[in-house]
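Asker: Sharing a sequence plus its predicted fold:
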Amino acid sequence: MTTTLPTKNAPEHLPAPFLTTVMQVEPQWIDYNGHLNMAYYNVLFDRGIDQMWLELGIGPDYMKERNASTFTAEAHVRYLREIHLGDPVLVAVYILEADEKRIHTFEELRHATDGWISATSENITLHVDMNIRKTAPFPPDIAARIRAVQQAHGAVPRPEGIGRRITMPAKK
């Protein structure tokens, strides 16, 4: 299931955080433990970020028209609570930081009706010139949209879990 939203080309249409449409867990995504397989959390996060990219004007049309795209450079996923078949979910996306070539995002996979957080994903995304397949600055119009959303997202409380690293708990 891929859901697309119309591009509004105006950051003021994006809430802080950006909330995706409601998505459904697909039966083939359930593993032998009876819950969402870890790989499909990333599918849901990816679908969520794709919705936001459409709103920012950096979706598939951007690739076709400007021959530029985004690549994920780094991701850190935390699994906090199981998702099961039939659970409606949505993704909340925060733009934490951005520069001329990168966007730092934090995403929460939430149960769409009960609101609890199932997983988080913190990511660094690169802007890529597809002619040479190397990083390149965002065009000025796109950079301005990203900055506007980053500013709006900076005005809301930062979610718990940003900047976490993988480590074993200290022994007592």
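Answerer: Structure received.

Asker: alpha carbons only for contacts and neighbour counts from here, please
Answerer: Noted.

Asker: quick one: low-confidence parts of the protein?
Answerer: Counting by pLDDT under 70, the chain shows low-confidence ranges at 1-14.

Asker: repeat that with 50
Answerer: Counting by pLDDT under 50, the ranges of the chain that qualify are 1-9.

Asker: Give me the contacts around the helix or strand containing Leu96.
Answerer: Using DSSP states H and E, Leu96 maps to strand 88-98. For strand 88-98, contacts defined as CA atoms under 8 Å, 6 or more residues apart in numbering pick out 16-25, 44-45, 48-49, 52, 103-113, 146-147, 149-150, 153-154.

Asker: and the residue positioned nearest the centre of the chain, what does it touch?
Answerer: Nearest residue to the geometric centre of the chain (CA atoms, centre = their mean): Ile49, 3.4 Å. If you count contacts by CA under 8 Å, 6+ apart, Ile49 has them with Val93.

Asker: So which residues of the chain form helices?
Answerer: 38-56, 60-66, 140-154 (DSSP state H).

Asker: In JSON lines, list those along with distance to Arg133.
Answerer: Below are these laid out as JSON lines (distance: least, CA to CA, whole Å):
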{"stretch": "helix 38-56", "distance to Arg133": "19"}
{"stretch": "helix 60-66", "distance to Arg133": "12"}
{"stretch": "helix 140-154", "distance to Arg133": "19"}
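
Asker: Which one, of those helices, ends up nearest to Asp129?
Answerer: helix 60-66 (8.6 Å; CA to CA).

Asker: Do I have it right that Asn123 meets Phe106?
Answerer: Yes: Asn123 is in contact with Phe106 according to CA atoms under 8 Å; the separation is 6.4 Å.

Asker: which of these two has more neighbours?
Answerer: Phe106 (27 against 19; other CA atoms under 10 Å).

Asker: The more buried one: what's it in contact with?
Answerer: 93-96, 120-123, 162.

Asker: Distance check, it against Val77.
Answerer: Using CA to CA, to the nearest Å, Phe106 is found at 10 Å from Val77.

Asker: Could you name every residue contacting both of those two?
Answerer: 120-122.
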